[in-house]
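> need the 3D shape of this:
(one chain, ligands or ions: 1)
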Amino acid sequence: MKIKTKPLIFKTLNSLYCYDDSTKNVFPINEIEKDFIEHIQPNQEFTADNPNLSAITNKIERLGLFQKNLISEIPIEDELRNYKLKNGITHLCLILTEACDFRCKYCIYSDNYFYTNSYSSKKMSFDVAKRAIDFYVNINMKAIRYNPNKRFTIGFYGGEPTLCHLTIMKIVEYIKVECPFIWDNITLDLSQYLGHDL
Ligand code: SF4
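Sure thing, here's the model as predicted:
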């Protein structure tokens, strides 16, 4: 039996996991399995005769884990450039603030996650938002030549974006005045503002 790609191992507070990018499977592993997975090299033959490893070797065989070499599938720079030219960028998401007046348990800014930011009073300035919009519009105006029905979508996200309602109003005004050519073709995405005159 052989594997062709290098498995990715990661740890949470109480458990060890392995991720296989080619099948998108994540599964728990123990320390013995971790040692095995860490030391096995792509294209190296291994057997399934160690009883401590039968669970992991069965899984590799049954699910066909670590068999696809994704490296050859990574798009080259020209392909990415062409894709961007033809498709533009689907959605611009402006994270206006990390502040919020709620404390939902599942919130990405809560202390329940290790690798995300915490609540803060940071707010995006209008100038930064304007530069992001100019960048987004500029790229999509090129893409519109390939797809005249292309829609523009700008989302306001946080934290609680309505804490920045003045910036939102300024952004909407800016798009209306400076980018009138996209005004009929835009979705402004902020559910809290439904029913208001954006
Ligand atoms: S940002 Fe959203 S999820 Fe987080 S506390 Fe506020 S309302 Fe809840």
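
> please report the distance of residue 186 from residue 165.
Note on residue 186: its distance to residue 165, by C-beta to C-beta, to the nearest Å, is 19 Å. Where you see a C-beta, it was placed from the backbone N, CA and C, and this is true even at glycine.

> ok, residue 64 next?
Per C-beta to C-beta, residue 64 is found 52 Å from residue 165.

> equivalent analysis for residue 41, please.
Distance from residue 41 to residue 165, by C-beta to C-beta: 56 Å.

> of these two, which one has the most company?
It is residue 165, of residue 41 and residue 165, that has more neighbours when counted by other C-beta atoms under 10 Å, with 15 against 9.

> tell me the helices and strands packed up against the lowest-mean-pLDDT helix or strand in the chain.
Least confident element among the helices and strands of the chain, by mean pLDDT, DSSP states H and E: strand 186-189 (a mean of 80). Secondary-structure packing of strand 186-189 (3 or more C-beta pairs under 8 Å, 6 or more residues apart in numbering; DSSP states H and E): strand 152-157.

> report the inter-axis angle for the biggest helix by length in the chain versus strand 152-157.
Scanning the chain for the longest helix, with DSSP state H as the assignment, gives helix 126-143. Note on geometry: by axes from the mean of the first three to the mean of the last three C-alpha atoms, to 10 degrees, helix 126-143 and strand 152-157 are set 150 degrees apart in direction.

> close to the ligand: what parts of this protein are there?
Taking C-beta under 6 Å from any ligand atom as the contact definition, the chain meets the ligand at 100, 102-104, 107, 109, 158-160.

> if we go to 5 Å?
100, 102, 104, 107 (C-beta under 5 Å from any ligand atom).

> want to throw those into TSV with secondary structure, distance to residue 14 and pLDDT?
Output for the residues of the chain next to the ligand, formatted as TSV (DSSP: H, G, I helix; E, B strand; the rest coil; distance: C-beta to C-beta, whole Å; pLDDT from 0 to 100):
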residue	secondary structure	distance to residue 14	pLDDT
100	coil	29	95
102	coil	28	93
104	coil	24	91
107	coil	22	92
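
> contacts for stretch 148-157, please.
Outside of stretch 148-157, the residues that reach it under the criterion C-beta atoms under 8 Å, 6 or more residues apart in numbering are 88, 90-96, 133, 136-137, 140, 143-144, 164, 168, 171, 175, 182, 185-190.

> can I get the buried part of the residues you listed as one PyMOL selection?
Once 16 or more other C-beta atoms under 10 Å is used to decide burial, the buried members of these can be selected in PyMOL as follows:
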select buried, resi 88+92+94+96+133+136+137+140+143+144+164+168+171+175+182+186+189+190
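
> show the pLDDT at the residue sitting nearest the centre point of the chain.
Compute the mean C-alpha point of the chain, and by C-alpha atoms, centre = their mean the closest residue is residue 93, 11.7 Å away. Reading off the confidence values, residue 93 has pLDDT 94.

> over to residue 195?
Looking at residue 195, its pLDDT is 40.

> now swap in residue 198 and tell me
At residue 198 the predicted local distance difference test score is 44.

> any idea how far the ligand is from the nearest residue to residue 1 once chain neighbours are set aside?
Here the nearest residue to residue 1 in space, its sequence neighbours aside, is residue 46; by C-beta to C-beta, 6 or more residues apart in numbering that works out to 5.7 Å. With the distance defined as C-beta to the nearest ligand atom, to the nearest Å, residue 46 ends up 45 Å from the ligand.
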